[in-house]
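*Asks:* pasting the structure only:
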């Protein structure tokens, strides 16, 4: 019998392996039974093969899992960049009696995807048809009479303003705001108060439905005048404003404001005014903003005009812009959601967005977004009620959907025969178009994140309300609010926090690692290194809590002492050094240089800190007018000191990163073979020279790896930054204020983000960025480390 | 080292700023101790590195000291001072800290005065300027009453009142109050506890009935639906009745009060039912204080939190943390060991394995929040959504997803993936540290690879693997960011493990020590009053994590020594 002994450590446990052709199976379960027992040997072989497969499969699966994580996160973000899906929802034809040129406007019913999805069609004779888009039948029909006093005048325009509401204008300038309510025969009849009850549609199949039409507001016509363009608006408080462009080159404005007096009686005031500008003569397109406070007009020689109205409907401010150098005619105007941006369509098919920007104390209309486009003149622009998208139609019959902020072309539909009229659904997710032959098609436009493009994520974007393009991250706000998804402030914040953390942590950890690996005694090294490694596992939430609620108030209170200590501690050190060079001649004192320097330095550190605290108040009184923080703000630096700032973050992140850097750097330094140290010492180099010129160059890849891994850790740290920064997305290098990092941003925003929404996907993109950032850094570090391992593995 | 390499090293090292290459130190023995040699030999630089170590150790000690100092003292009863102000006003409170206003040079002292319900601004803490104070005394008869609501009460006991109590003299003796407290508690346990028990039972039944109703509604089974609905209505009616009855009883019991007076002599009746405990801090001796301390520690470990988590115990959070760690271990260890064994023993060394190793190390470096968002997208909404769609369509339709929302299962699997690299790396390292000879010996004796692995290598590598396990658990215990988006909550009404079938409720949300720190410290309305609790939680979490990681590191170092001695 032969046995191989493998002794393990102090306990001297024995692993005994028997040679098999001996008969002695005295020990329990010998590892193999060969030859003697054929079936058990086969069993072992089968086990072995099974295990090999299982382990290989499991191992590969884990590795596949790593890749799957990345793919999964990426797959959530990708739909963000895709165009929305355009699917036909239904189609129908105009009733045979009506002709396409008669059609004034289309409207899409609120619930277009439901069973009774319907489209409204307005005709010049005051008729509105409700067509079923699934069956193509005429569901109901209704005729709207003009307001009193305008009998006999023809309906010249209808404008959909969303929520099944339409402004109707007659040839004498009379206007009416109506709301259509359509009930399917299958559904329950709606008992709405209606001024004009609908007639049931009588079609072949006779599916009866009702169409009720409620008049919400109206204004009587102008006397002795037939305006060419009429626009009317009603604000939320009930003020009605109408602007009518008269053929003789004037705009007549009428404003009806309902005011409640002290006794609760509603008093209606009517104001009239006229705009008689010379530019009015050339006006060919006109619109108003939502509440009717501004009139926008475009001329046939490329000028844009904005008249601001006051409470009485008089012109309060006027601005004319020569919008197009080539003096192309403006063909249609629309005000996008939010009542700020004016969308301009021109005769060359171009779409542009304009809004007023502060420049030299005045506000001037500026070209903000150029959505491009070519072909025939733009016939119609329909803004979405939910987003900054606009649907437009040009004379060639091309319908397109664009997003203003991201300048993305979301969809384009070109049908044959060409399209003549268009409408956009209430939620901006359906579009209807009437073609020249009377066919009416409805499309579903869904999915995608229209407000996201690479430019909005990473570039400067000119948002409404801003005076210049900027990087903005802002996800919550008021009703008409547009979410702003620039990742630049987040990336900046991440790098800023990491930068300050690294300039604090890296030198400290590397110097300490050098000291521990080369200058201190092995016993101390065996004590310090595990301590530091244990500190690496301190939960970040603990550090975050301590620095935010314990350190931050202290540093704020003693801000000056803190800054002084940055000078006083080195000063104390230098003073100590000059003292030491004399004292060290004494033998027992010199013994400290055998690796106990750091203990000797403790009083020096204490003296430095105490000196800073002691100096702070006189210095503050003498130099900083008694209040350092105030001086920082008012003084030449002009920096505001926030309690949660980068100094605090540097400490917090530094605390997580120092043990990591220390431990890796120490490993790589002490892995440099001792023979090199010995050789260097033998030729007379001092211990510092050996470290500086022999060890450091050899271990530099490992040190690089340590710094990289520390960097990767600091980039992704979440809890500390979440707790100890103000989480404000600002772009400012000042160390005295906070930031918002990618990681903290995810933690803050994800509970609020609806699944599958834009914010949700953008947050996944943040995660992808973090992943990639750390991946690059860690891969670099790992490759370097492996090379180093191979190199020194040979010794 | 080969000659070439040596040359390259010296070449790299060369070209220092001074013309002489490698300025040699110690030219002549006489100069060695002189200041000039001190500088030339680079000793100051060595001192700079040692200063870095000093600062680093100082920071570590500072951190531990802050946590220990603030955390350990929380339960130690502080003396209650009676402060008489110059205008004759009096207040009772524990001295918290003093501060000097840098602008005015006025020293002021912060007192924890409690009595939140008597204060016009609902404040627990008051700052008093040093100049206003006439005297500070520590009257022995001051009591601190810990209450279930409104925090501590500092004051004097006057008398007992109430239908179930004998009228008492003024001021009342302490043991009478204790006896009254016992009486009221016993009465509450006899009368109210059974009702609460029954209410809980009814609540459970109602929940089940609702779930069944939803399922039937989803299927459109109208007949049984009506039956169930009447059943549910019955339960609701019954529980409403019981609630009313319970409230009446409680109100009755609440009439048993201890009348107290505050520093100014204002009387305040405190229902005995609301008193958690009371003590006389100024009269307590050292051992009494120790007893109190242990009592509070027991409460910390075994009781539920009170007053939006700022008082009471941490039991649900501790329980959640421990259960999370064990579930995480169940998810992570098998996978990690499998992958580690594959990498260490089965994979053929080549570019692929090299890439895989880089990937694993990378995995360890990915920020935890990325895992969190992955867990949310993949486990919660992906797999959880699927489970709901297959097994609980009615709940998902009603907007109350079962697995399609954060829960302890998803949180622990997410943490498991997060910690898997730690286990992989340590398993692989432990296997690689075993000398080749052992493997070859075993194989040469005819053992199959699997036999070698199971009977020789794994036992030898087990300390190293253990290190990985413990480190992974320590990391999981301290990680908060991924939990925040996969199911941790500030207050979970039910534990994920209880006596109700099927005992493990992996879909439930849970509490966690780390999140507790974040939530109580940063989201609570009264930060000052919640700080002691946060320090205690911090101390607890830190000691758990540090104990685990110290064990792991000691284990690893031992193992390293053992193999280092052998491999040469």
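*Replies:* Perfect, thanks for sending it. Since this is a predicted model, take the numbers as computed values, not measurements.

*Asks:* so when I look at residue A:369, I'm seeing a strand, right?
*Replies:* Yes - according to DSSP: H, G, I helix; E, B strand; the rest coil, the state of residue A:369 is that of a strand.

*Asks:* what's across from it in the sheet?
*Replies:* Taking DSSP bridges as the rule, residue A:369 bridges to residue A:353.

*Asks:* surely it meets residue A:405?
*Replies:* Yes - with contact defined as C-beta atoms under 8 Å, residue A:369 reaches residue A:405; the gap is 7.3 Å. All C-beta spots, glycine's among them, are computed from the backbone N, C-alpha and C.

*Asks:* quick one: which of these two has more around it?
*Replies:* residue A:405 (27 against 22; other C-beta atoms under 10 Å in any protein chain shown).

*Asks:* Identify the residues contacting the more buried one.
*Replies:* Shown in contact with residue A:405 (C-beta atoms under 8 Å, 6 or more residues apart in numbering or on different chains): A:369, A:388, A:451, A:456, A:461, A:463, A:482.

*Asks:* Mind doing that once more with 6 Å?
*Replies:* Residue A:405 sits next to A:388, A:451 when contact means C-beta atoms under 6 Å, 6 or more residues apart in numbering or on different chains.

*Asks:* What mean pLDDT does stretch A:328-338 get?
*Replies:* Mean per-residue pLDDT for stretch A:328-338: 85.

*Asks:* Please apply the same query to stretch A:724-732.
*Replies:* Mean per-residue pLDDT for stretch A:724-732: 84.

*Asks:* Ok, stretch B:315-326 next?
*Replies:* Mean pLDDT, stretch B:315-326: 91.

*Asks:* so where is chain A shaky, pLDDT-wise?
*Replies:* For chain A, applying pLDDT under 70 flags the ranges A:1-38, A:114-116, A:184-209, A:260-264, A:477-480, A:792-795.

*Asks:* Check the spacing between the residue of the stretch 351-500 of chain B found nearest chain A and residue A:712 real quick.
*Replies:* For the stretch 351-500 of chain B and chain A, the shortest gap (C-beta to the nearest C-beta) falls at residue B:367, measuring 2.2 Å. Distance from residue B:367 to residue A:712, counting by C-beta to C-beta, to the nearest Å: 8 Å.

*Asks:* Residues that sit against both of residue A:369 and residue A:405, list them.
*Replies:* Residues touching both residue A:369 and residue A:405 (C-beta under 6 Å, 6+ apart): none.

*Asks:* picking that back up, without its sequence neighbours, what residue ends up closest to the residue of the stretch 351-500 of chain B closest to chain A?
*Replies:* residue A:716 (2.2 Å; C-beta to C-beta, 6 or more residues apart in numbering or on different chains).

*Asks:* can you tell me which residues contact that neighbour?
*Replies:* A:743, A:770, A:774, B:367.

*Asks:* hang on, residue A:55 is in a strand, isn't it?
*Replies:* No - counting by three-state DSSP, residue A:55 is not part of a strand but helix.

*Asks:* Near chain A, which residues of the stretch 351-500 of chain B are found?
*Replies:* Contact residues, the stretch 351-500 of chain B versus chain A (C-beta under 6 Å from any C-beta of the partner chain): B:356, B:358-359, B:361-363, B:365-367, B:369-370, B:373-374, B:377-378, B:381, B:438, B:441-442, B:445-451, B:455, B:474, B:478, B:480-481, B:484-485.

*Asks:* I'd like to know which of these are part of strands.
*Replies:* Among these, DSSP state E puts none in strands.

*Asks:* Buried ones among those residues?
*Replies:* For those, a burial check counting by 16 or more other C-beta atoms under 10 Å in any protein chain shown picks out B:356, B:358-359, B:361-363, B:365-367, B:369-370, B:373-374, B:377-378, B:381, B:438, B:441-442, B:445-451, B:455, B:474, B:478, B:480-481, B:484-485.
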